[in-house]
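Trainee: Can you look at this prediction? I've put the sequence above it.
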Amino acid sequence: MALPIEDYGLIGDCETVALVGKDGSIDWLCFPRFDSAACFAALLGTPENGRWLIAPQGEIVATHRKYREGTLILETDFETAEGAVTLIDCMPVRTDKPDLIRQVVGRRGTVRMHTELIVRFDYGAIVPWVRKTERGLIAIAGPDLLHLASDVPLRGENFKSVGEFTVAEGERVSFILTWTPSHHPQHHDLKPDAAIEWTEKWWLEWSGKCTYQGPYRDAVQRSLITLKALTYAPTGGIVAAATTSLPELLKGSRNWDYRYCWVRDATFTLYALMTNGYFDEAKAWREWLLRAVAGKPSQLNIMYGVGGERRLTEIVLDWLPGYEGSLPVRIGNAAWEQFQLDVFGEIMAALNLARRGGLQSTNDAWRVERTLIEHLETVWNEPDEGIWEVRGPRRHFTHSKVMAWVALDRAIRDCDRYGLEGPLDRWRALRQTIHDEICAKGFDKKQNTFVQYYGGTDLDASLLMLPLVGFLPHDDPRVRGTLLAIEKNLMREGFLQRYTPHSGVDGLPGAEGTFLLCTYWLADNYALQGRMDEARRLFERMLSIRNDLGLLAEQYEPTLNRQLGNFPQAFSHIGLINTARNLGRMEGPNQTLAKG
């Protein structure tokens, strides 16, 4: 069985990642990129669906792990009665083919070790043909080939490759796993010590560019490194998470593929990068965004593949039993076909933010933006699936309408500030029309709160965005009433739900955990209202639920003390970064966004 979600660490090469468990197992690995078929899929099945274990034989007295400071190189220390070893896991930043290095270093005494490699292609469905080489093995099936260079002799047992070895103090035993297309010539000349050394140097140089000097700096830097790891370097796209189908409810059906790039992430991602010194990544993300959304505006997607792919067909992998029995296991994401009105606002806010952050704009960028606004003028009053991508009926979601207002507001402000051309009188009139409608139809006077959708009574944590994007000031009585209602009805043991799940709203059965990004939004609202002590207490509660490596999934179940949802989650780490800046009394993202 897979470990608890929070027991995994992340390694990656800025094109794909692997998840390494506390026990020395790698249970998730997709080569050669994030959304490729997994070579190790034990996370969603059993060890027989693909896994690589390196661990001491016999009883382990203690385990401790950490990242090398400022890097994504993971070190797991194992203590046994006979001695101590460190397992180093590293994916060198790619120059050619993807590699995964695992190295065991003897620290004290002599430790007996065991390795077990189970390669399965296509998410655990395909058993490859494995043959020995002079220093390892080759596993091949269809288009995929894995080459393992090993310092340890391996033997086949029941469709596994296993080996035993000992490591004494000062000794090093290395393994290098490399993927290539099966029709390419195989070659392997990587030197593990040198590769680890220059990978450490690369990460230290990158993390050394971080300009943030406020409170919680270590947590902010680790979150920035995690965002970088979720970046697909060839295009600049950033995936929402490293995994698919990790459940929002254990044994539930809310299991989605997050290995894609959501347009709505753009605003927060750009701010998190730019305000901490990472303009190259922000520029690459903006260019990815412009390429991805280019084309006929009526065909705008809410999400894309890492290369800008639009068709992300969702299918069910019925041979996998799912994480802790959570079914179905899905790859692809049917939300790519949804209509989500808020995306227009997020695109315009992101590009407005890029201009104000000093990223040089182009005429092509404004032409794309203006075309999107002209399309928005014709569709803003239509119902949609909303920010949470419901699979129930389309509705007039209040947050969606607010983000339509944001799109027009940012376009108008860019014209005013940067001399861009547009029909400003018409846009100003429509901006006011949308604002008036939201205040009339999205606000429930009886409850003294904005509501999830026109005519409804349900609450939604996305309504916390109203003051954060400048729709209404934070001291407006309607904003204060909404905050009080959300605190009263959506708080669970100190954390915030995004809404109250039920099939009438989202078309899905069952509940889910509390939503980490929404809890950060709540802390931001506290900060805007001057409730700094409450904001810090809430933020520090969020820090306390990170795993021992500083990583966060999408959700948290307080009754079980478990992280839930795909892992690690970019949005959760973006929320951490941006809220930390707010609490440092700097000009945080939310105040900046509101100013436009």
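Mentor: Nice, thanks for sending it over. Quantities reported herein were computed from a predicted structural model and do not represent experimental measurements. Residues are numbered from 1 along each chain as shown.

Trainee: Buried residues, the one helix or strand Trp285 maps to. List them.
Mentor: Under the assignment given by DSSP states H and E, the secondary-structure element containing Trp285 is helix 279-293. Of the residues in helix 279-293, those with enough neighbours to count as buried (16 or more other C-beta atoms under 10 Å) are 281-293. The way it works is simple: take the backbone N, C-alpha and C, and place the C-beta from them, glycine included.

Trainee: How about stretch 485-493?
Mentor: Of the residues in stretch 485-493, those scored as buried under the neighbour-count criterion (16+ other C-beta under 10 Å) are Ala485, Ile486, Leu490.

Trainee: C-alpha coordinates for that stretch, PDB please?
Mentor: These are the backbone C-alpha positions of stretch 485-493, laid out as PDB (Å, rounded to 0.1, in the frame of the first residue of the first chain):
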ATOM      1  CA  ALA A 485     -20.700  34.300   7.100                       C
ATOM      2  CA  ILE A 486     -17.800  32.300   5.600                       C
ATOM      3  CA  GLU A 487     -16.100  32.100   9.000                       C
ATOM      4  CA  LYS A 488     -19.300  30.800  10.500                       C
ATOM      5  CA  ASN A 489     -20.300  28.300   7.900                       C
ATOM      6  CA  LEU A 490     -17.200  27.100   6.100                       C
ATOM      7  CA  MET A 491     -14.700  26.800   8.900                       C
ATOM      8  CA  ARG A 492     -13.800  23.300  10.000                       C
ATOM      9  CA  GLU A 493     -11.500  23.000  13.000                       C
END
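
Trainee: Could you verify my assumption that Asp99 touches Leu177?
Mentor: Yes. Asp99 sits in contact with Leu177 when judged by C-beta atoms under 8 Å, with a separation of 7.0 Å.

Trainee: Just to check, Gln569 is in contact with Glu554?
Mentor: Yes. Between Gln569 and Glu554 there is a contact at 4.2 Å, judged by C-beta under 8 Å.

Trainee: ok, so what distance separates the spatially closest residue to Ala2 that is not a sequence neighbour from Cys518?
Mentor: Nearest residue to Ala2 in three dimensions, chain neighbours excluded: Leu43, at 5.0 Å (C-beta to C-beta, 6 or more residues apart in numbering). Computed as C-beta to C-beta, to the nearest Å, the Leu43 to Cys518 distance reads 26 Å.

Trainee: Those two: which is more packed in?
Mentor: Under the neighbour definition other C-beta atoms under 10 Å, Leu43 and Cys518 were set side by side, and Leu43 has more, 29 against 23.

Trainee: what residues are up against that one?
Mentor: Shown in contact with Leu43 (C-beta atoms under 8 Å, 6 or more residues apart in numbering): Ala2, Leu19, Asp27, Trp28, Thr243, Leu246, Tyr323.

Trainee: Looking at the residues you listed, which is nearest Ile54?
Mentor: Of all these, Asp27 has the smallest distance to Ile54: 12.7 Å, by C-beta to C-beta.

Trainee: count of residues packed around that closest one?
Mentor: Asp27 has 27 neighbours, counted by other C-beta under 10 Å.

Trainee: cool, and Val402?
Mentor: 24.

Trainee: Can you classify it as helix, strand or coil?
Mentor: Following DSSP: H, G, I helix; E, B strand; the rest coil, Val402 is assigned to helix.

Trainee: correct me, but it touches Phe471?
Mentor: Yes. Counting by C-beta under 8 Å, Phe471 is a contact partner of Val402 at 5.2 Å.

Trainee: Overlap in contacts, these two.
Mentor: Overlap of the contact sets of Val402 and Phe471 (by C-beta under 8 Å, 6+ apart) consists of Ile438, Met465.

Trainee: Skipping adjacent residues, who's closest to Ser174 in space?
Mentor: Nearest-residue entry for Ser174: Pro192, 4.1 Å, with adjacent residues in sequence omitted and distances by C-beta to C-beta, 6+ apart.

Trainee: Name all residues that make contact with the one you found.
Mentor: Counting by C-beta under 8 Å, 6+ apart, Pro192 has contacts Ile101, Gln103, Ser174, Ile176.

Trainee: Please report the number of neighbouring residues for the second one.
Mentor: Read that as Gln103. The burial count for Gln103: 21, using other C-beta under 10 Å.

Trainee: Pull up the gap between it and Met403, please.
Mentor: If you measure Gln103 against Met403 using C-beta to C-beta, the figure is 48 Å.

Trainee: what does the first one give?
Mentor: Taking C-beta to C-beta as the measure, Ile101 falls 44 Å from Met403.

Trainee: Which one's more surrounded, those two?
Mentor: Neighbours of Ile101 and Met403, each counted by other C-beta under 10 Å, are more numerous for Met403; the result is 30 against 24.

Trainee: Next, count neighbours for Leu484.
Mentor: Applying the criterion other C-beta under 10 Å, we find 12 residues in the vicinity of Leu484.

Trainee: That concludes my questions; thank you for your assistance.
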